[in-house]
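Engineer: what would the 3D arrangement of this be:
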Amino acid sequence: MSLSDLTSDLLTRLRNASMVRKRSITMPHSKALVRLAAVFAENSIIASYEEGVEERGHKILTLNLRYVENKPVFSKVIRESKPGRRLFTSATKRFGRRPQHSFTVLSTSSGVMPLSEAFKQNIGGEVICTIW
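Structural biologist: This is a model prediction of the structure:
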């Protein structure tokens, strides 16, 4: 299976699985997706993630979704920066076009991190996605 944008694929699988109340999703492994899954797990967007190998020897990534009272933790997932339109934010200018209770993830020179952490460290970067 050839995928041009693995991040968008992850976010779409996450959104679709939460709508049908699936407990976990499995997808092809990549280092960028593992870093994104780690940020989601640290901030309680997902319950956990696991790296594994399928029967044919390909690496896979399994995300275990989190629900509160049988409802998904999030209701909307937006891919902000896309391959055809990159979106960046600086350390001085806040990226703020989403609801206040949203969770935004940045890719910075110090790694993938939540927007709030990037501002604490006074660094900007590419806006990957927003979840609320």
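
Engineer: and the closest residue to residue 118 other than its chain neighbours, how close does it get to residue 15?
Structural biologist: Nearest residue to residue 118 in three dimensions, chain neighbours excluded: residue 106, at 4.9 Å (C-beta to C-beta, 6 or more residues apart in numbering). In this view, the C-beta of every residue, glycine as well, is placed from N, C-alpha and C. Distance, residue 106 to residue 15, using C-beta to C-beta, to the nearest Å: 20 Å.

Engineer: compare these two (neighbour count), which wins?
Structural biologist: residue 106 (27 against 17; other C-beta atoms under 10 Å).

Engineer: quick one, what contacts the more buried one?
Structural biologist: Applying C-beta atoms under 8 Å, 6 or more residues apart in numbering to residue 106 gives the contacts 89, 112, 113, 114, 115, 118, 124, 125, 126, 127, 128.

Engineer: what are the bridge partners for it, then?
Structural biologist: Counting by DSSP bridges, residue 106 is bridged to residue 113, residue 127.
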